[in-house]
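# predicted model, plus sequence, below.
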Amino acid sequence: MKGSIFKLLADFVDQTYGPDAFEDLVDATDLETAEPFVGPGNYPASDLLALVDTAVTTHEVEVEPLLRAFGRHSFPALARSVPTLLEGLDDPHSLLLNLETVIHTEVRKLDPEASPARFSAVEHGPGVLTLNYESDFGLFALVEGFLDGLADWYGVPVGYERRSTAGTSGSFLVRSGDAVGASATGPGQVATESVSARA
Ligand code: HEM
């Protein structure tokens, strides 16, 4: 996992739990990595998951809400790191349709050591799509947190429902914009509790 993702975790933990909170987590976790995490470095994903586990115990939170909050917090920094890639992707629906082909593919080109999750999107209609997530890590709640982050970023509601999971991969039904709250006629209705929008 890229050091940049560890940096995002450090930023999230420090802002949420206090200025030394990430350092405390590192001290309290049995990590494979001995040196400090730096953005361009590449580190075992197991270290990231171990830090999340320690955060769950230390701060008495559930793992999924933690990952969701981490994703939501981190999306703006990821988006700002690739401003030109987002040109023309003017809403969450367009971004998700292009997440694999434009964004994650370019991330892999820019940094051959990066291995972001693989996605495919199937469009069902305006603002409605299925997002298929293929990963070695099964970070479903992180995907959901990024979807919350998309809602914040664009200032439009995004609703999602986890439709299926098989091992570490899965799929989500995602509605955005005017499609949120529309009555279920197709693959299913989005759970209202997972609808998110900028306040
Ligand atoms: C818009 C700009 C985005 C950029 C620049 C970006 C970039 C990245 C990078 C650099 C990684 C880490 C790769 C590694 O550590 O080797 C990553 C991982 C990941 N990305 Fe993205 N990403 C973006 C948007 C999204 C969105 C919108 C989603 C989901 C809706 C998403 C889902 C994920 C997930 C779940 C991972 C963790 C790896 C895994 O689960 O297998 N990303 N991304």
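Cool, the structure landed.

# state the mean pLDDT of stretch 22-37.
Mean pLDDT, computed over stretch 22-37, is 96.

# neighbouring contacts of the longest helix seen in the chain?
Criterion DSSP state H: the longest helix present in the chain is helix 63-81. Contacts with helix 63-81, where a contact means Cβ atoms under 8 Å, 6 or more residues apart in numbering, come from 4, 8-9, 11-12, 15-16, 52-53, 55-56, 59, 86, 139-150, 152-153, 196. In this view, the C-beta of every residue, glycine as well, is placed from N, C-alpha and C.

# so, in contact with the ligand or not, that helix?
Yes. Using Cβ under 6 Å from any ligand atom, we find that helix 63-81 touches the ligand at Leu78, Ala79, Ser81.

# so after that helix, what's the next helix or strand?
With elements assigned by DSSP states H and E, the helix or strand that comes after helix 63-81 is helix 92-97.

# and the contacts of that next one?
Contacts of helix 92-97 (Cβ under 8 Å, 6+ apart): 86, 88-89, 103, 119, 121, 123, 126-127, 129, 131, 147, 150-151, 153-154, 156, 158, 174, 176-177.

# can I get the helix or strand following that helix as PDB, trimmed to CA atoms?
Counting by DSSP H and E, the next helix or strand C-terminal to helix 92-97 is helix 105-110. What follows is helix 105-110, C-alpha atoms only, in PDB (Å, rounded to 0.1, in the frame of the first residue of the first chain):
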ATOM      1  CA  THR A 105      -5.600   3.400 -14.500                       C
ATOM      2  CA  GLU A 106      -3.700   6.800 -14.600                       C
ATOM      3  CA  VAL A 107      -2.700   6.300 -10.900                       C
ATOM      4  CA  ARG A 108      -1.100   3.000 -11.900                       C
ATOM      5  CA  LYS A 109       0.700   4.600 -14.900                       C
ATOM      6  CA  LEU A 110       2.100   7.400 -12.800                       C
END
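
# please renumber so the chain begins at 120
All right, first residue 120 from here; so that's helix 224-229.

# quick check: mean pLDDT of the longest helix of the chain?
Mean predicted confidence for helix 182-200 is 98.
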